[in-house]
Each structure stands twice: as structure tokens, then as C-alpha cells.
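Enquirer: Please work out how this folds:
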Amino acid sequence: MSETREEPITYARKIKFDRAVADHADELCDAWGGAGVRRPLNLAHELLDKSVVRRAIEECCFDIARQHGLGTLSNPINERSRAAQLYCEKCFVLPSLPVLRRFLEPSTVNALKQGLLVGWAIDAHSPTSKPRLVRQGVWDALTIDFERNTASLNGKVTLMSIEVDVIAAATSRTVVHVVSRSDVEKWYIEVHIHSRQHCNEHQDEDAAEQYFGASVPREWLRELRKKHAPAAWKKRGPHTDS
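Expert: This is a model prediction of the structure:
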């Protein structure tokens with residue numbers, strides 16, 4: 001008899017838990033506001049979809065449930081049951097934003113990589129330069145530090161003062177790219193010639209456009225190539241290494 005009463009009680013707890021999580025996500029998202037204003041990287045979660053926020057809340061609750069002796073389970077149904085039980089027994093309250101950050105940050109990174117969010121940043125090699133639009137594919141190679149609002153490549157900070165917005169807001173207004181000759185020369189010397197084994201003139205142009213998010217005058221690149229390119233780059237013949 002006790003077993004027949006157990007199931008409806010468990011189900012009711014799950015429903016209560018799911019409703020509480022959904023309401024909590026709605027409250028957080030409504031408080032954060034909408035798109036149209038760039039946010040610092042550490043506030044990028046404000047632009048995530050409510051379903052993503054809801055999932056982050058659930059994952060955080062599951063983590064709390066594991067800390068209460070559940071252990072690591074491969075069955076998400078059991079995790080949900082345990083979390084619902086503990087929540088309904090008032091063993092914990094739904095997590096606040098500071099607690100949620102570590103569960104929201106991976107979703108922010110994925111959104112940047114997938115192009116759902118777009119980012120602007122200042123080149124760390126030219127800290128006085130203006131922010132530039134960061135192309136979607138660049139995020140795949142970077143390690144993001146949310147506390148410092150920076151991104152690194154191979155342990156070296158390459159982007160700083162990162163800001164984000166949703167893709168719709170970014171494409172609805174004109175983005176101005178300001179690229180100075182000194183910025184290009186610094187990139188060529190400190191980044192470009194160390195990132196490839198071989199590179200021809202056309203690849204110079206493609207790499208510069210990808211890095212700066214804007215076309216770079218061909219004449220600048222030709223002069224920089226003559227001045228700074230390794231001898232191997234200037235040899236005639238086909239090279240396919242990148």
C-alpha cells in the first residue's frame with residue numbers, strides 16, 4: 001500500500017520543483033531585461049534564452065542534490081527526483097545569480113561559438129585601440145576568463161574589455177571598424193608570423209581580415225611582408241600549410 005502512495009507524492013514533488021524552476025528563470029530573465037545594449041562579458045548570461053537559464057538552474061540544483069549524498073548518477077530522472085525531494089523538504093532554496101554563474105558561463109561560451117551572441121573586444125596588443133567585432137570562428141580557439149573579462153590564446157591574453165549582444169541587435173546596426181597601420185604592423189610581427197609555417201600574399205590578406213574583422217589595405221600588407229616576413233614565406237612555389 002505504501003508503494004502505491006509513493007509514486008503520486010514523488011510526481012507531485014517533481015511538478016512543484018519544475019514550476020518553481022520555471023518561475024525562477026522567468027524572474028531572473030525579466031529582471032535582466034532584453035537586447036540592444038552591449039553587456040560586459042560577465043553579464044552575457046542576461047542575453048541567454050530562458051530555457052538555457054532554466055537548465056542552468058536545474059543543473060545547479062542537481063549539483064546541490066549530489067552534495068546531499070546522491071552521488072553521481074547517469075540517470076537524469078533520478079537526479080530530478082532527488083532534487084525535487086530536497087527542494088520540497090526545504091533542504092535548499094533555488095540558487096541566486098552568484099551561485100548560478102558557473103553553470104551559465106559554459107552556455108555563454110557556446111552561444112558565442114554558435115553565433116547566437118556576438119562579441120566586441122579590444123586587442124590586448126593595442127590597449128588604446130577601439131573595440132572591434134570578433135568573428136564567430138575566433139571563439140573556438142580562445143579561453144575565456146569571465147572574471148577578468150578577457151580571452152586568451154595559448155595562455156596569452158589576446159582580447160580584453162569584451163562586450164556582447166544578441167546577433168539580431170548586432171546586425172541591425174552598422175558596425176564601424178577602425179584599423180590603424182600600427183595595429184596591423186603589431187599584429188603582423190607579434191601574431192601572424194608566429195602562427196603559420198608558410199603564408200602567401202593572399203593568405204596575408206585573408207588572415208588580416210579575419211583577425212581585424214575588416215579589410216586591411218593591400219599596400220600595408222605588402223610592405224609589411226617585405227619588411228617582416230620570414231625568408232621561407234618569400235620563396236616561390238606552392239605552399240598549403242596554414
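
Enquirer: right, and the helix or strand after the one helix or strand P106 maps to?
Expert: Assigned by DSSP states H and E, P106 falls within helix 97-114. Counting by DSSP H and E, the next helix or strand C-terminal to helix 97-114 is strand 117-123.

Enquirer: List the buried residues for that next one?
Expert: Residues of strand 117-123 classed as buried: L117, V118, G119, W120, A121, I122, D123 (neighbour count, 16 or more other Cβ atoms under 10 Å). To be clear about C-beta, it is placed using only N, CA and C from the backbone, and glycine gets the same treatment.

Enquirer: okay if I get the residues you listed as JSON lines plus distance to L47 and pLDDT?
Expert: Formatted as JSON lines, the buried residues of strand 117-123 follow (distance: Cβ to Cβ, whole Å; pLDDT from 0 to 100):
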{"residue": "L117", "distance to L47": "6", "pLDDT": "86"}
{"residue": "V118", "distance to L47": "10", "pLDDT": "87"}
{"residue": "G119", "distance to L47": "11", "pLDDT": "89"}
{"residue": "W120", "distance to L47": "13", "pLDDT": "89"}
{"residue": "A121", "distance to L47": "16", "pLDDT": "91"}
{"residue": "I122", "distance to L47": "20", "pLDDT": "90"}
{"residue": "D123", "distance to L47": "23", "pLDDT": "88"}
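
Enquirer: So which of the residues you listed is the closest to H45?
Expert: L117 (10.1 Å; Cβ to Cβ).

Enquirer: Quick check, pLDDT for the residue at minimal distance from the centre of the chain.
Expert: The residue lying closest to the centre of the chain (Cα atoms, centre = their mean) is V109, at 2.3 Å. Looking at V109, its pLDDT is 90.

Enquirer: From R135, how far out is G115?
Expert: 10 Å (Cβ to Cβ, to the nearest Å).

Enquirer: Same check on D26?
Expert: 33 Å.

Enquirer: One more: R218?
Expert: For R218, the distance to R135 - Cβ to Cβ - is 20 Å.

Enquirer: Now do the helices in this structure.
Expert: Per DSSP state H, the chain carries helices over the ranges 2-32, 50-65, 76-88, 97-114, 167-171, 181-187, 193-195, 201-212, 218-228, 231-234.

Enquirer: Please name whichever of the ones you listed is nearest to P40.
Expert: Set against P40 and scored by Cβ to Cβ, the helices of the chain come closest in helix 97-114, at 11.5 Å.

Enquirer: how about low-confidence regions in the protein?
Expert: 1-9, 30-36, 69-77, 167-179, 212-215, 236-242 (pLDDT under 70).

Enquirer: Got the domain ranges for it?
Expert: Per automatic domain parsing, the structural domains of the chain span 2-112, 181-234.

Enquirer: so how far is the longest one from its chain's centroid?
Expert: Right, the one you point to is domain 2-112. Distance of domain 2-112 from the chain centroid (Cα atoms, centre = their mean, to the nearest Å) equals 20 Å.

Enquirer: what does the last one give?
Expert: Relative to its parent chain, domain 181-234 has a centroid offset of 27 Å by Cα atoms, centre = their mean.
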